[in-house]
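In: okay, here's the prediction I keep looking at, along with the sequence it came from:
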Amino acid sequence: IAPLLGCAWHGLAEFYDGPGITWRDNFGVADAPLDRRYVASIYYSFTTATTVGYGDIVTTNDDERLFALFNMLVGAAIFGYIVGNVASIMENFDLGSALLREKMDRVKEYIAERSMPPGMDRRVLRHFKYFYRKVSVFDNGPEILAALPPSASTALVFLQHEDTISKFSFLQSSSPMFVAAFVPTMKPFYLTPGELLFYEGEVGTHVFFLADGTVSMLIDVGDGEGEGAADGEADT
(Lines give C-alpha, C1' and ligand atoms only; values in the text may rest on other atoms or scores of the structure.)
Protein backbone atom coordinates (compact mmCIF):
# COMPACT_ATOMS: atom_id res chain seq x y z
CA ILE A 1 0.00 0.00 0.00
CA ALA A 2 2.94 2.37 0.61
CA PRO A 3 3.93 2.61 -3.11
CA LEU A 4 0.33 3.50 -4.01
CA LEU A 5 0.17 6.16 -1.32
CA GLY A 6 3.57 7.45 -2.46
CA CYS A 7 2.32 7.80 -6.05
CA ALA A 8 -0.78 9.59 -4.81
CA TRP A 9 1.40 11.91 -2.73
CA HIS A 10 3.50 12.74 -5.79
CA GLY A 11 0.39 13.25 -7.95
CA LEU A 12 -1.06 15.60 -5.35
CA ALA A 13 1.86 17.96 -5.89
CA GLU A 14 1.93 17.35 -9.66
CA PHE A 15 -1.65 18.54 -10.19
CA TYR A 16 -1.89 21.10 -7.40
CA ASP A 17 -3.06 24.51 -8.69
CA GLY A 18 -3.92 26.25 -5.44
CA PRO A 19 -2.15 29.11 -3.68
CA GLY A 20 1.27 28.66 -2.13
CA ILE A 21 3.85 25.96 -2.74
CA THR A 22 3.84 22.16 -2.58
CA TRP A 23 5.95 19.72 -0.61
CA ARG A 24 8.19 19.27 -3.67
CA ASP A 25 9.03 22.96 -3.73
CA ASN A 26 9.67 22.98 0.01
CA PHE A 27 11.85 19.86 -0.13
CA GLY A 28 13.73 21.06 -3.21
CA VAL A 29 12.81 18.28 -5.64
CA ALA A 30 10.35 20.15 -7.86
CA ASP A 31 12.74 20.00 -10.82
CA ALA A 32 14.53 16.82 -9.79
CA PRO A 33 14.50 13.64 -11.95
CA LEU A 34 11.46 11.38 -11.68
CA ASP A 35 13.33 8.63 -9.85
CA ARG A 36 14.41 11.02 -7.09
CA ARG A 37 10.86 12.37 -6.69
CA TYR A 38 9.56 8.79 -6.56
CA VAL A 39 12.00 7.85 -3.80
CA ALA A 40 11.05 10.98 -1.84
CA SER A 41 7.33 10.17 -2.22
CA ILE A 42 7.74 6.56 -1.07
CA TYR A 43 9.94 7.72 1.79
CA TYR A 44 7.29 10.16 2.96
CA SER A 45 4.55 7.53 2.64
CA PHE A 46 6.43 5.04 4.82
CA THR A 47 7.44 7.54 7.50
CA THR A 48 3.90 8.93 7.73
CA ALA A 49 2.09 5.57 7.68
CA THR A 50 4.37 4.25 10.42
CA THR A 51 3.93 7.53 12.41
CA VAL A 52 7.70 8.07 12.46
CA GLY A 53 7.62 11.41 10.63
CA TYR A 54 11.21 12.65 10.60
CA GLY A 55 10.07 16.15 9.60
CA ASP A 56 12.28 16.62 6.56
CA ILE A 57 9.29 16.34 4.20
CA VAL A 58 6.32 18.33 5.50
CA THR A 59 2.90 19.42 4.27
CA THR A 60 2.60 22.95 2.94
CA ASN A 61 -1.10 23.31 2.07
CA ASP A 62 -4.51 22.05 3.18
CA ASP A 63 -4.75 19.40 0.44
CA GLU A 64 -1.50 17.84 1.58
CA ARG A 65 -2.56 17.95 5.24
CA LEU A 66 -5.82 16.11 4.45
CA PHE A 67 -3.87 13.50 2.52
CA ALA A 68 -1.43 13.15 5.44
CA LEU A 69 -4.36 12.45 7.77
CA PHE A 70 -5.66 9.79 5.39
CA ASN A 71 -2.18 8.29 5.12
CA MET A 72 -1.88 8.01 8.90
CA LEU A 73 -5.33 6.42 9.23
CA VAL A 74 -4.48 3.82 6.60
CA GLY A 75 -1.14 3.10 8.26
CA ALA A 76 -2.73 2.67 11.71
CA ALA A 77 -5.42 0.35 10.29
CA ILE A 78 -2.89 -1.84 8.48
CA PHE A 79 -0.62 -1.94 11.53
CA GLY A 80 -3.51 -3.07 13.74
CA TYR A 81 -4.52 -5.72 11.20
CA ILE A 82 -0.99 -7.11 11.01
CA VAL A 83 -0.55 -7.18 14.78
CA GLY A 84 -3.89 -8.96 15.22
CA ASN A 85 -3.02 -11.61 12.64
CA VAL A 86 0.43 -12.19 14.09
CA ALA A 87 -1.07 -12.63 17.55
CA SER A 88 -3.61 -15.10 16.16
CA ILE A 89 -0.86 -17.08 14.41
CA MET A 90 1.23 -17.20 17.57
CA GLU A 91 -1.74 -18.47 19.59
CA ASN A 92 -2.46 -21.21 17.07
CA PHE A 93 1.12 -22.49 17.15
CA ASP A 94 0.06 -24.51 20.19
CA LEU A 95 -3.36 -25.77 19.15
CA GLY A 96 -3.84 -27.74 22.35
CA SER A 97 -3.41 -24.63 24.52
CA ALA A 98 -5.74 -22.65 22.25
CA LEU A 99 -8.44 -25.33 22.54
CA LEU A 100 -7.97 -25.48 26.31
CA ARG A 101 -8.46 -21.72 26.63
CA GLU A 102 -11.55 -21.93 24.42
CA LYS A 103 -13.11 -24.71 26.51
CA MET A 104 -12.35 -22.92 29.79
CA ASP A 105 -13.85 -19.72 28.38
CA ARG A 106 -17.04 -21.67 27.62
CA VAL A 107 -17.14 -22.92 31.20
CA LYS A 108 -16.72 -19.37 32.51
CA GLU A 109 -19.49 -18.12 30.21
CA TYR A 110 -21.75 -20.91 31.47
CA ILE A 111 -20.99 -19.94 35.08
CA ALA A 112 -21.76 -16.28 34.36
CA GLU A 113 -24.98 -17.13 32.51
CA ARG A 114 -26.22 -19.31 35.40
CA SER A 115 -25.21 -16.67 38.00
CA MET A 116 -23.53 -19.27 40.19
CA PRO A 117 -22.63 -18.23 43.75
CA PRO A 118 -18.91 -17.65 44.49
CA GLY A 119 -18.35 -21.01 46.15
CA MET A 120 -19.98 -23.01 43.40
CA ASP A 121 -18.22 -21.21 40.53
CA ARG A 122 -14.78 -21.90 42.04
CA ARG A 123 -15.74 -25.55 42.53
CA VAL A 124 -16.79 -25.91 38.89
CA LEU A 125 -13.66 -24.16 37.60
CA ARG A 126 -11.35 -26.33 39.73
CA HIS A 127 -13.04 -29.45 38.45
CA PHE A 128 -12.66 -28.54 34.78
CA LYS A 129 -9.08 -27.36 35.19
CA TYR A 130 -8.27 -30.76 36.68
CA PHE A 131 -10.39 -32.55 34.08
CA TYR A 132 -8.61 -31.02 31.08
CA ARG A 133 -5.19 -31.67 32.63
CA LYS A 134 -6.01 -35.36 32.64
CA VAL A 135 -7.79 -35.78 29.31
CA SER A 136 -7.17 -34.57 25.79
CA VAL A 137 -8.87 -31.35 24.74
CA PHE A 138 -9.32 -32.73 21.24
CA ASP A 139 -12.86 -33.96 20.71
CA ASN A 140 -11.92 -36.46 18.00
CA GLY A 141 -9.80 -38.69 20.24
CA PRO A 142 -12.24 -41.65 20.21
CA GLU A 143 -12.51 -41.42 16.42
CA ILE A 144 -8.73 -41.58 16.05
CA LEU A 145 -8.51 -44.61 18.34
CA ALA A 146 -11.35 -46.36 16.50
CA ALA A 147 -9.66 -45.81 13.13
CA LEU A 148 -6.36 -47.36 14.26
CA PRO A 149 -5.57 -51.09 14.14
CA PRO A 150 -6.22 -52.82 17.50
CA SER A 151 -2.53 -53.19 18.32
CA ALA A 152 -1.82 -49.52 17.57
CA SER A 153 -4.86 -48.23 19.49
CA THR A 154 -3.95 -50.39 22.50
CA ALA A 155 -0.38 -49.07 22.50
CA LEU A 156 -1.66 -45.50 22.20
CA VAL A 157 -4.02 -45.93 25.16
CA PHE A 158 -1.18 -47.28 27.31
CA LEU A 159 1.02 -44.38 26.26
CA GLN A 160 -1.63 -41.69 26.80
CA HIS A 161 -2.92 -43.05 30.13
CA GLU A 162 0.35 -44.35 31.54
CA ASP A 163 0.03 -42.30 34.73
CA THR A 164 -3.52 -43.49 35.38
CA ILE A 165 -2.78 -47.16 34.68
CA SER A 166 0.22 -47.11 37.02
CA LYS A 167 -2.06 -46.08 39.91
CA PHE A 168 -4.44 -49.03 39.54
CA SER A 169 -3.17 -52.44 40.52
CA PHE A 170 -6.12 -54.22 38.91
CA LEU A 171 -5.40 -52.50 35.58
CA GLN A 172 -1.75 -53.50 35.69
CA SER A 173 -2.76 -57.15 36.09
CA SER A 174 -5.57 -57.04 33.49
CA SER A 175 -5.30 -57.96 29.84
CA PRO A 176 -4.18 -55.19 27.45
CA MET A 177 -7.41 -55.43 25.46
CA PHE A 178 -9.50 -54.86 28.60
CA VAL A 179 -7.36 -51.91 29.65
CA ALA A 180 -7.57 -50.38 26.17
CA ALA A 181 -11.36 -50.65 26.23
CA PHE A 182 -11.90 -49.63 29.86
CA VAL A 183 -9.49 -46.77 30.55
CA PRO A 184 -10.77 -44.35 27.85
CA THR A 185 -14.24 -44.56 29.46
CA MET A 186 -12.94 -43.29 32.81
CA LYS A 187 -13.61 -39.64 33.59
CA PRO A 188 -11.37 -37.71 36.01
CA PHE A 189 -12.95 -35.45 38.59
CA TYR A 190 -11.74 -33.26 41.43
CA LEU A 191 -13.07 -32.91 44.96
CA THR A 192 -11.99 -30.32 47.51
CA PRO A 193 -11.24 -31.37 51.12
CA GLY A 194 -14.46 -31.92 53.02
CA GLU A 195 -16.61 -32.25 49.92
CA LEU A 196 -19.05 -35.16 49.89
CA LEU A 197 -18.68 -37.75 47.16
CA PHE A 198 -21.62 -40.05 47.79
CA TYR A 199 -24.58 -39.98 50.16
CA GLU A 200 -25.88 -42.98 52.06
CA GLY A 201 -28.98 -44.38 50.43
CA GLU A 202 -28.26 -43.02 46.95
CA VAL A 203 -28.65 -45.29 43.96
CA GLY A 204 -25.21 -46.23 42.70
CA THR A 205 -24.71 -45.13 39.08
CA HIS A 206 -20.93 -44.84 39.02
CA VAL A 207 -17.87 -46.70 40.21
CA PHE A 208 -15.36 -44.36 41.85
CA PHE A 209 -11.61 -44.94 42.04
CA LEU A 210 -9.53 -42.69 44.25
CA ALA A 211 -6.17 -41.86 42.68
CA ASP A 212 -4.76 -39.43 45.25
CA GLY A 213 -5.62 -38.51 48.82
CA THR A 214 -7.81 -40.25 51.39
CA VAL A 215 -11.53 -40.73 51.85
CA SER A 216 -13.58 -40.94 55.05
CA MET A 217 -16.83 -42.84 55.44
CA LEU A 218 -19.62 -41.65 57.76
CA ILE A 219 -22.22 -44.27 58.69
CA ASP A 220 -25.53 -43.63 60.43
CA VAL A 221 -25.74 -46.11 63.34
CA GLY A 222 -29.11 -44.98 64.63
CA ASP A 223 -28.57 -42.93 67.80
CA GLY A 224 -25.40 -41.29 66.58
CA GLU A 225 -22.81 -41.31 63.89
CA GLY A 226 -19.88 -43.60 63.49
CA GLU A 227 -16.90 -42.57 61.44
CA GLY A 228 -14.43 -44.70 59.59
CA ALA A 229 -11.58 -43.59 57.39
CA ALA A 230 -10.08 -45.42 54.43
CA ASP A 231 -6.39 -45.33 55.21
CA GLY A 232 -3.69 -44.55 52.69
CA GLU A 233 -4.12 -43.77 49.04
CA ALA A 234 -6.73 -45.71 47.17
CA ASP A 235 -6.88 -46.06 43.44
CA THR A 236 -8.94 -43.28 40.72
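Out: Structure's in. What do you need?

In: so which helix or strand takes in residue 218?
Out: Per DSSP states H and E, residue 218 falls inside strand 215-220.

In: what's that strand packed up against?
Out: In this structure, strand 215-220 packs against strand 225-230, with contacts taken as 3 or more CB pairs under 8 Å, 6 or more residues apart in numbering; DSSP states H and E. To be clear about C-beta, it is placed using only N, CA and C from the backbone, and glycine gets the same treatment.

In: low pLDDT regions in this structure?
Out: Within the chain, the segments meeting pLDDT under 70 span 91-94, 138-140, 222-236.

In: can you give me the helices for it?
Out: 2-14, 23-27, 34-49, 62-92, 95-114, 118-134, 141-147, 150-160, 162-166, 169-172, 176-182 (DSSP state H).

In: how about these in TSV, adding distance to residue 216 and mean neighbour count?
Out: Output for these, formatted as TSV (distance: least, CB to CB, whole Å; neighbours: other CB atoms under 10 Å):
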stretch	distance to residue 216	mean neighbour count
helix 2-14	71	18
helix 23-27	83	19
helix 34-49	68	18
helix 62-92	44	13
helix 95-114	29	13
helix 118-134	19	14
helix 141-147	35	12
helix 150-160	32	14
helix 162-166	24	13
helix 169-172	22	12
helix 176-182	27	15
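
In: those: which one's closest to residue 189?
Out: Minimum separation from residue 189 across the helices of the chain (CB to CB) falls at helix 118-134, 6.1 Å.

In: so which elements touch the closest one?
Out: Right, helix 118-134 is packed against helix 95-114 by 3+ CB pairs under 8 Å, 6+ apart.

In: what angle separates the helix it packs on from helix 118-134?
Out: 160 degrees (axes from the mean of the first three to the mean of the last three CA atoms, to 10 degrees).

In: mind checking which of the helices of the chain is nearest residue 206?
Out: That would be, of the helices of the chain and by CB to CB, helix 176-182, which comes in at 13.9 Å.

In: picking that back up, can you add distance to residue 56 and give the helices of the chain back as a markdown table?
Out: Compiled in a markdown table, these are given as follows (distance: least, CB to CB, whole Å):
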| stretch | distance to residue 56 |
| --- | --- |
| helix 2-14 | 14 |
| helix 23-27 | 7 |
| helix 34-49 | 9 |
| helix 62-92 | 14 |
| helix 95-114 | 45 |
| helix 118-134 | 56 |
| helix 141-147 | 61 |
| helix 150-160 | 63 |
| helix 162-166 | 65 |
| helix 169-172 | 75 |
| helix 176-182 | 72 |
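
In: of all those, which one is nearest residue 188?
Out: Taking CB to CB, helix 118-134 is the member of the helices of the chain nearest to residue 188, at 3.9 Å.

In: I'm done for today, thanks for sticking with me.
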